[in-house]
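A.B. asks: what would the 3D arrangement of this be:
(4 chains)
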2 protein chains.
Amino acid sequence: MSVTIKDIAKLAGVSHTTVSRALNNSPLIQEETKERIRIIAEQMDYSPNFSAKSLVLDRSYNLGLFFTTLSNGTSAGFFYEAIRGVNSVIQDRYQLIVKGIDDYTGFHSITRKSFDGIIIVSQSDEDQAIIDHIANKGIPLVVLNRPVTTTGVLNVLSDEEQGAFLAGSYLIEQGHTRIALIEGRQGFKSAQNRKDGFERAMKQFQITIPSVYRMPGLYDLESGHRAMQKFLALDERPTAVFCCNDEMALGAMKAVSEAGMHVPNDISVVGFDDTVFAAFVTPALTTVRRPIEQISKEGALRLLGNIENKQHETEQLLLKTELIVRESVRSLSS
Amino acid sequence: MSVTIKDIAKLAGVSHTTVSRALNNSPLIQEETKERIRIIAEQMDYSPNFSAKSLVLDRSYNLGLFFTTLSNGTSAGFFYEAIRGVNSVIQDRYQLIVKGIDDYTGFHSITRKSFDGIIIVSQSDEDQAIIDHIANKGIPLVVLNRPVTTTGVLNVLSDEEQGAFLAGSYLIEQGHTRIALIEGRQGFKSAQNRKDGFERAMKQFQITIPSVYRMPGLYDLESGHRAMQKFLALDERPTAVFCCNDEMALGAMKAVSEAGMHVPNDISVVGFDDTVFAAFVTPALTTVRRPIEQISKEGALRLLGNIENKQHETEQLLLKTELIVRESVRSLSS
DNA sequence: GAAACTATTGTTAACGTGTGCATATATGTG
DNA sequence: CACATATATGCACACGTTAACAATAGTTTC
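C.D. replies: Sure thing, here's the model as predicted:
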């Protein structure tokens, strides 16, 4: 069926060993022989059988890119940027295998032989099981987006606690004191970090948050919408709401306008993530940008370093977040 | 290093062939022998080497999922839904390899041996080269999202022309006659189809579109924003604008509010795609929904059928789009 | 009781590639 | 000229798995 190095060997009148060496540009082979073989290979439209290569070289040329889930709770923009970042680094040296961790029934199929390295974009503590499994098997691994202390594992993430602190501080600086919080999806580390940073800001400025100013959320539009409705129904409404991601902020803004009110005049809103549409909603959303694409690039880069140099670096890299001020927060101080 | 069937064979006191058969549940092997071997395999934490399997079985267990581009012009939501749809169908029978077609320097590495099947989510006529290459190699292929006539290729897409026709007709039914168009990215088939459907509606109701009511677009927020600015600067402004996707519609709405005007009171806007945020912007966007996740599911399903039953169906499946009426269009007829 | 059959397991080769070692030829060295 | 040395190629095996065929033992058939 398809052309093999033996077919080429026959045509070139050499052994298949010579063909193999020639196509791998081995210094053992004479330059003109190489060239002759290359031309024949080209003419025969040869392309190597990667299964055979993998078998003998003990490298799969596969890179796993695993998300906590593909079904729900992962925002499209997040997903897209992560894949794009990794993809831009690996080019065509590796094949990128995308998977949701919650799709795995067992981790049996994850072996050294089937993955040269793995990138986990982790959003939940529950990913620890697969992280342990992979680390145990000795497969080079980088965990993105969530802090992890497993030894021998690379870790790249943004400092979300700091980002939320920025957002909280900003609201206070603008003169707000009645500040509410819509939390992220329970069990997601990011939800915890963002809440922590926000609360640190409140504490630093000695502002207390009554329990009616806290609502749980699911990182989706609907939950932001519901939470804001609750806030608006209060006798003493908050003057500002910090939403743990942009989607919930969007839902919240929707609830405001449905109530016949306006952002930011009646109530201020801050988001988190700086998703593509944040700049284009009305009013444009003030939010915290975290460098997802950069995280995944740095992560992929370091992983490749570990794979190809057989080294074993395990540093943790923390990338700074940034407050993007737009129009959704009103200044009360002036 | 890792456990092979030969290691198991030694421990079980049988030949490696027997182990292979036992683990593949061959009827040739005695039931108790099978069970004994299964237990030993389990204890030794055996997992098969897929490269070796692939080599001898001539199946890679890889499915390619190729997008026209991962860099630009593919919206995050589109990307996400497509992957999710395909992923939900293949479960863990195959590995999903995601790639941007424009990342390929050559198609050399795409062979029967490295992909059991390929799904192309095509957004441009320029993908024809890779489609031909794959069809030529005899690899089972399904092309999603764009019509294709190559023989032996499955094709699943939504009827975008019909969707745009719905949108155009709806505007007219609401009493609009001065209707403008922001086009999609040049070279993308969808851009052509949407324009065609829109124009068919205009023609049917004998409405003509002056050339100043047409602006090119790039499917992104910025181009929608710019185009709307142009429309607003006209002496005789349109009363409604059909944007060839939601992102441009969002940009357009932004331009309206920047000009101190309001959607839909001053000008109506219709989008296309029904992206997640369409329902949550203010005002909620009237748009056309195309069933991307369903398209990718159906496509994956049919591809697997062709692969696993070695059949060769090549039907074209056209899924209906749907107009989602929300709040961004004003009725002029009342 | 020999022949034919069945059930179970083993032997061997094959998939396509890379590599250690042997071989052959050309080149230099004293 | 004999010997060492460098250069270029081939031989044989390995990687881990499956499968065609062979072999063995037990069972049925007439």
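
A.B. asks: wait, residue A:164 sits on residue A:190?
C.D. replies: No: taking CB atoms under 8 Å as the definition, residue A:164 is not a contact partner of residue A:190, at 9.5 Å. For the C-beta atoms, the positions are set from N, CA and C on the backbone; glycine is no exception.

A.B. asks: which residues do those two both contact?
C.D. replies: residue A:244 (CB atoms under 8 Å, 6 or more residues apart in numbering or on different chains).

A.B. asks: DNA strand C versus residue A:199, what's the distance?
C.D. replies: 56 Å (CB to the nearest atom of the strand, to the nearest Å).

A.B. asks: which residue is the nearest non-sequential neighbour of the residue in the stretch 51-200 of chain A that DNA strand C sits nearest to?
C.D. replies: Nearest to DNA strand C in the stretch 51-200 of chain A, going by CB to the nearest atom of the strand, is residue A:52, at a distance of 3.4 Å. Leaving aside its sequence neighbours, residue A:52 sits nearest to residue B:55 (CB to CB, 6 or more residues apart in numbering or on different chains; 5.4 Å).

A.B. asks: does stretch A:166-185 come close to chain B?
C.D. replies: No: Stretch A:166-185 lies apart from chain B when judged by CB under 8 Å from any CB of the partner chain; the minimum separation is 14.2 Å.

A.B. asks: what's the first-to-last distance across that stretch?
C.D. replies: Stretch A:166-185 has an end-to-end distance of 21 Å (criterion: CA to CA, to the nearest Å).

A.B. asks: report the buried residues of it.
C.D. replies: A:166-172, A:174, A:176, A:178-185 (16 or more other CB atoms under 10 Å in any protein chain shown).

A.B. asks: kindly report the same for stretch A:204-211.
C.D. replies: A:207, A:209.

A.B. asks: pull up the distance across that stretch, start to finish.
C.D. replies: 18 Å.

A.B. asks: where's that stretch relative to the chain centroid, distance-wise?
C.D. replies: 32 Å (CA atoms, centre = their mean, to the nearest Å).

A.B. asks: so for that stretch, mean pLDDT?
C.D. replies: For stretch A:204-211, mean pLDDT is 95.

A.B. asks: for stretch A:171-179, same thing?
C.D. replies: Here the average pLDDT along stretch A:171-179 is 97.

A.B. asks: which residues does residue A:127 contact?
C.D. replies: When contacts are taken as CB under 8 Å, 6+ apart, residue A:127 is in contact with A:68, A:101, A:120, A:143, A:146.

A.B. asks: confirm that it sits in a helix.
C.D. replies: Yes: assessed with DSSP: H, G, I helix; E, B strand; the rest coil, residue A:127 lies in a helix.

A.B. asks: measure it to DNA strand D for me?
C.D. replies: Counting by CB to the nearest atom of the strand, the gap from residue A:127 to DNA strand D is 27 Å.

A.B. asks: look at that residue and report its pLDDT.
C.D. replies: Confidence score, pLDDT, at residue A:127: 92.

A.B. asks: among the buried residues of stretch A:166-185, which are in strands?
C.D. replies: Mapping the buried residues of stretch A:166-185 onto strands (DSSP state E) picks out A:179, A:180, A:181, A:182.

A.B. asks: closest to chain B out of those residues?
C.D. replies: The nearest member of those to chain B, counting by CB to the nearest CB, is residue A:182 at 14.2 Å.

A.B. asks: so the closest one bridges to which residues?
C.D. replies: residue A:215, residue A:243 (DSSP bridges).

A.B. asks: residues contacting it?
C.D. replies: A:215, A:217, A:223, A:224, A:227, A:228, A:241, A:242, A:243, A:244, A:248, A:252.

A.B. asks: mind putting those residues in JSON lines, distance to residue B:260, neighbour count and pLDDT included?
C.D. replies: Shown next, in JSON lines, are these (distance: CB to CB, whole Å; neighbours: other CB atoms under 10 Å in any protein chain shown; pLDDT from 0 to 100):
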{"residue": "A:215", "distance to residue B:260": "34", "neighbour count": "22", "pLDDT": "97"}
{"residue": "A:217", "distance to residue B:260": "33", "neighbour count": "25", "pLDDT": "96"}
{"residue": "A:223", "distance to residue B:260": "33", "neighbour count": "22", "pLDDT": "96"}
{"residue": "A:224", "distance to residue B:260": "28", "neighbour count": "31", "pLDDT": "96"}
{"residue": "A:227", "distance to residue B:260": "31", "neighbour count": "25", "pLDDT": "97"}
{"residue": "A:228", "distance to residue B:260": "26", "neighbour count": "29", "pLDDT": "98"}
{"residue": "A:241", "distance to residue B:260": "26", "neighbour count": "32", "pLDDT": "98"}
{"residue": "A:242", "distance to residue B:260": "29", "neighbour count": "32", "pLDDT": "98"}
{"residue": "A:243", "distance to residue B:260": "27", "neighbour count": "33", "pLDDT": "98"}
{"residue": "A:244", "distance to residue B:260": "33", "neighbour count": "31", "pLDDT": "97"}
{"residue": "A:248", "distance to residue B:260": "29", "neighbour count": "32", "pLDDT": "95"}
{"residue": "A:252", "distance to residue B:260": "25", "neighbour count": "32", "pLDDT": "96"}
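
A.B. asks: determine which two of those residues are furthest apart.
C.D. replies: A:223 and A:242 (14.5 Å; CB to CB).

A.B. asks: thinking again about what came up before, mind giving me the packing neighbours of the helix or strand containing the residue of the stretch 51-200 of chain A closest to DNA strand C?
C.D. replies: Element membership for residue A:52 (DSSP states H and E) is helix A:50-57. Using 3 or more CB pairs under 8 Å, 6 or more residues apart in numbering or on different chains; DSSP states H and E as the contact test, the elements touching helix A:50-57 are helix B:50-57.

A.B. asks: do the helix it packs on and DNA strand D meet?
C.D. replies: Yes: with CB under 7 Å from any atom of the strand as the criterion, DNA strand D is reached by helix B:50-57 at B:52, B:53, B:55, B:56, B:57.

A.B. asks: residues contacting the residue nearest to residue A:151 when sequence neighbours are not counted?
C.D. replies: Among residues not flanking residue A:151 along the chain, residue A:314 sits closest, at 6.8 Å (CB to CB, 6+ apart). For residue A:314, the contacting residues are A:151, A:152, A:153, A:154, A:155, by CB under 8 Å, 6+ apart.

A.B. asks: what's the helix or strand where residue A:226 lies in contact with?
C.D. replies: Using DSSP H and E, residue A:226 maps to helix A:221-232. Under the contact criterion CB under 8 Å, 6+ apart, helix A:221-232 has outside partners A:180, A:182, A:213, A:215-217, A:237-238, A:241, A:243, A:247-256, A:259, A:261, A:267, B:276-277, B:279-280.

A.B. asks: how many neighbours does residue A:7 have?
C.D. replies: Neighbour count of residue A:7, defined by other CB atoms under 10 Å in any protein chain shown: 16.

A.B. asks: could you give the number of residues near the spatially closest residue to it that is not a sequence neighbour?
C.D. replies: Of all residues not flanking residue A:7 in the chain, residue A:44 sits nearest, at 6.6 Å (CB to CB, 6+ apart). Residue crowding around residue A:44 was assessed by other CB under 10 Å; the count is 14.

A.B. asks: which phi and psi does residue A:65 have?
C.D. replies: Per-residue torsions, residue A:65: phi -120, psi 100 (degrees, to the nearest 10).

A.B. asks: tell me how far it lies from chain B.
C.D. replies: 8 Å (CB to the nearest CB, to the nearest Å).

A.B. asks: what's across from that residue in the sheet?
C.D. replies: According to DSSP bridges, beta-bridge pairing links residue A:65 with residue A:98, residue A:119.
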